[in-house]
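S.K.: Using only what follows, build the 3D model:
(2 chains)
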Amino acid sequence: MKSTKNVLPSLLVLAAVVGLWWAAVVLTRSVIFPTPWQVVTGTLELARDGTLWEHIGASLMRVGAGFGIAVLFAIPLGLWMGRVRGAFVTLNPLFQILRPISPIAWIPIAILWFGVGNASPIYLIFIASVFPMIVQTTSGVHTIEKRYLRAAENFGVPRNKLFRQVVFPATLPDIIIGMRIGLGVAWLVVVAAEMIALRSGLGYMIIDSRNAGNRYDLVIAGMIIIGLIGLALDGIMRLLESMKNVRWRYVH
Amino acid sequence: MFIKTKIHIQNVRKGFPTDKGQLEVISDLDFKVGDGEFVAIVGPSGCGKTTLMNIIAGFLAPDSGSVLVDGNPRLQPNPKGVLITQQGSVFPWLTVRQNLLFGLPDEMPDREQRALEYADLVGLKGFENNYPHELSGGMLKRCEIARALVVKPEILYMDEPFSALDALMSLRMQNELLRILQTERHTVMLITHDVEEAIHLADRVLVLSPRPTRIQASFDITLPHPRRVSSPEAQALRVAILKELGVSETL
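M.R.: Model (predicted):
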């Protein structure tokens, strides 16, 4: 009962937005801007002939690959930079310079290096999501409370045990936060990347729908689907936050 | 009765650099703790008690002097002596059982058995698979004590261990500690600001002076256990210790 109570206001807002949109289209007699119903029928049409699933699959595959490589790269590197002061001092300035560069600015270079295939967007997604994860992981290691490191020191455990049972689990909540941020930007970037160079994916679908006969119903359908999938991806990341061994960070 | 010396704090000095020059915290402290003895250290706040404990437990190096354990200089912390602090350091990401296993080498054959045994000893039976945030403050303290005891340390260093608990729980934990110490004899160094706690638990109470700290007075407590802090002898000791601390009691 409580959850319906929480969901109800936001559903009302959504309904109001759709209602206003509908009213605006009808009142202005727009021939090019679709009504919500046209968006629904357009989406069903794409779903039926299968192209929608292909686009979604292509986008998800690219995000999965780019983000996956970024995770494999960022977490060990972030942990290492957090533990080894020399590594932090040496590499942090470089990452701080690279981090604020929008992934979109990398598009020409990505095309130059990787061409217009799948490798370009995967590279862009990697670039977009790797830095937030490195930074968050490193700061997670830096903020491990001293009392825990001292206790570990007191028991004189071997290094690998210190790492497995103290440093890594203590940093895990921050790693998950980094992954949430990283996946969020990855999803932002895939659409932008696909608008430019590819023949599949949700970004391509949006641009192609406009170019091929001003199908704005499909443009908006693409946007809404992107939003919904982004929400779902974040939901999956939030499931990680409810794992029992990271709950300690969120209860107080 | 002759007791073997366990810990010898030998002419320890410690200061910290500040804006206004060197701040002398501990000046030339020298005392011994016997094997199996329970020594409580009380002193005014800010007198360097915690600094002293960190030096004795090996987390901080003195500027001069040394700490000898069994006659050998102690340079680094080790599981022979485990530190328990007010804040506590039970790992929140491990269950009670995993915390107790932490200090036991992976190759030890009966480690699981031993962890369960110590969980039972401190009354945490049935909570082995709980995470610390699911425990009360008192249970958390029991877990920390069990994690220290399970590695069979020779010395327990306790820095205000029960100060974060409410008065009733603090008293219960004191009794619990005494009960455990009857079955396993450890050398204990306890830092506390609670004079009654010191009288309740210790064989000897050292009173530290304000900074730069030195030993101002020493009281042997020969009352048999279980002690009643309200007994006239204990109260006389309490008044005497408080007097050393500059608090005169008017009842």
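
S.K.: The chain - how does it break down into domains?
M.R.: No chain specified, so I'll use chain A. Residue ranges for the domains of chain A, per automatic domain parsing: A:1-31, A:32-241.

S.K.: Switch to chain B, please.
M.R.: B:5-80+B:154-244, B:90-152.

S.K.: can you put these in TSV and add mean pLDDT, distance to chain A and mean neighbour count?
M.R.: Using the backbone N, CA and C atoms, a C-beta is placed for each residue, glycine as well. Formatted as TSV, the domains of chain B follow (pLDDT from 0 to 100; distance: least, C-beta to the nearest C-beta, whole Å; neighbours: other C-beta atoms under 10 Å in any protein chain shown):
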stretch	mean pLDDT	distance to chain A	mean neighbour count
domain B:5-80+B:154-244	88	5	17
domain B:90-152	91	4	19
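
S.K.: which residues in the chain form helices?
M.R.: This is for chain A. Along chain A, the stretches classed as helices by DSSP state H are A:2-28, A:36-49, A:51-83, A:85-98, A:107-114, A:119-142, A:146-155, A:159-162, A:168-197, A:202-211, A:216-241.

S.K.: look at chain B instead
M.R.: Using DSSP H, helices in chain B cover B:49-57, B:96-102, B:111-121, B:137-149, B:167-183, B:195-201, B:232-244.

S.K.: So what touches stretch A:73-82?
M.R.: A:87-88, A:91-92, A:126, A:129-131, A:133-142, A:167-168, A:171, A:175, A:178, A:182 (C-beta atoms under 8 Å, 6 or more residues apart in numbering or on different chains).

S.K.: and A:Val25, what does it touch?
M.R.: So A:Val25 contacts A:Phe33, A:Pro34, A:Thr35 (C-beta under 8 Å, 6+ apart).

S.K.: Go again with 7 Å.
M.R.: Neighbouring residues of A:Val25 by C-beta atoms under 7 Å, 6 or more residues apart in numbering or on different chains: A:Phe33, A:Thr35.

S.K.: average pLDDT across stretch A:37-57?
M.R.: Mean per-residue pLDDT for stretch A:37-57: 92.

S.K.: Tell me how far it lies from the chain's centre.
M.R.: Put simply, stretch A:37-57 sits 23 Å off its chain's centre (C-alpha atoms, centre = their mean, to the nearest Å).

S.K.: Stretch A:153-164 too?
M.R.: Using C-alpha atoms, centre = their mean, the offset of stretch A:153-164 from its chain centre is 34 Å.

S.K.: average pLDDT across that stretch?
M.R.: pLDDT averaged over stretch A:153-164 gives 92.

S.K.: since we're on A:Trp53, how many residues are nearby?
M.R.: Here the number of neighbours of A:Trp53 (other C-beta atoms under 10 Å in any protein chain shown) works out to 11.

S.K.: so how far is B:Asp203 from it?
M.R.: 77 Å (C-beta to C-beta, to the nearest Å).

S.K.: A:Asn214 too?
M.R.: 91 Å.

S.K.: Flag the shaky bits of chain A, pLDDT-wise.
M.R.: A:1-3, A:197, A:252 (pLDDT under 70).

S.K.: how does it look with 50?
M.R.: Regions of chain A meeting the criterion pLDDT under 50 are absent.

S.K.: can you list the residues of it near chain B?
M.R.: Counting by C-beta under 7 Å from any C-beta of the partner chain, the residues of chain A close to chain B are A:147-148, A:150-151, A:153-156, A:165-166, A:169-170, A:244-245, A:247-248, A:251.

S.K.: how about a cut-off of 8 Å?
M.R.: Residues of chain A lying close to chain B by C-beta under 8 Å from any C-beta of the partner chain are A:147-148, A:150-157, A:161, A:165-166, A:169-170, A:172, A:244-248, A:251.

S.K.: Derive a ChimeraX selection command for the buried subset of those.
M.R.: In ChimeraX syntax, the buried subset of the residues of chain A next to chain B is picked out as below (16 or more other C-beta atoms under 10 Å in any protein chain shown):
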select /A:148,150,151,152,153,154,155,157,165,166,169,170,172,245,246,247,248
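
S.K.: beta partners for the residue positioned nearest the centre of chain B?
M.R.: Of all residues in chain B, the one closest to the mean position by C-alpha atoms, centre = their mean is B:Met158, 1.8 Å from it. When bridges are taken as DSSP bridges, the partners of B:Met158 come out as B:Ile84, B:Leu190.

S.K.: Please report the distance of the nearest residue to B:Glu184 once chain neighbours are set aside from B:Leu83.
M.R.: In this structure, B:Glu184 finds its nearest non-sequential neighbour in B:Leu149, 6.8 Å apart by C-beta to C-beta, 6 or more residues apart in numbering or on different chains. For B:Leu149, the distance to B:Leu83 equals 13 Å [C-beta to C-beta].

S.K.: With B:Glu144 instead?
M.R.: Distance from B:Glu144 to B:Leu83, by C-beta to C-beta: 10 Å.

S.K.: With B:Ala115 instead?
M.R.: In terms of C-beta to C-beta, B:Ala115 sits 20 Å off from B:Leu83.

S.K.: Same question for A:Arg48.
M.R.: From A:Arg48 across to B:Leu83, the span is 69 Å (C-beta to C-beta).

S.K.: Which one's more surrounded, those two?
M.R.: Taking neighbours as other C-beta under 10 Å, A:Arg48 and B:Leu83 compare with B:Leu83 leading, 26 against 9.

S.K.: That one: what's it in contact with?
M.R.: B:Leu83 sits in contact with A:Arg150, A:Ala151, A:Asn154, B:Met53, B:Ala57, B:Phe59, B:Pro77, B:Tyr157, B:Met158, B:Asp159, where contact means C-beta under 8 Å, 6+ apart.

S.K.: Repeat that for A:Phe155.
M.R.: B:Pro79, B:Val82, B:Phe102, B:Gly103, B:Val151.

S.K.: next one: A:Phe114
M.R.: Applying C-beta under 8 Å, 6+ apart, the residues contacting A:Phe114 are A:Ser120, A:Tyr123.

S.K.: circling back: would you tell me which of the domains of chain A gets closest to B:Arg214?
M.R.: For the domains of chain A, the distance to B:Arg214 is smallest for domain A:32-241, at 26.6 Å, taking C-beta to C-beta.

S.K.: Endpoints of the closest one, how far apart?
M.R.: Terminal residues of domain A:32-241 are spaced 44 Å apart (C-alpha to C-alpha, to the nearest Å).

S.K.: And for stretch B:117-127?
M.R.: 13 Å.

S.K.: How about stretch B:13-23?
M.R.: 11 Å.

S.K.: quick one on the thing from earlier: right, so of the helices of chain B, which gets closest to A:Val71?
M.R.: Comparing the helices of chain B by C-beta to C-beta, helix B:96-102 comes nearest, at 25.4 Å.

S.K.: Which other helices and strands does that closest one contact?
M.R.: helix B:111-121, helix B:137-149 (3 or more C-beta pairs under 8 Å, 6 or more residues apart in numbering or on different chains; DSSP states H and E).

S.K.: Can you list the neighbours in contact with stretch B:203-214?
M.R.: B:15, B:23-29, B:31, B:37-44, B:46-49, B:52, B:195, B:198-199, B:215-221, B:237, B:241, B:244-245.

S.K.: Next: stretch A:232-241.
M.R.: A:Val63, A:Pro173, A:Ile176, A:Met179, A:Arg180, A:Leu183, A:Gly184, A:Trp187, A:Val246, A:Tyr250.
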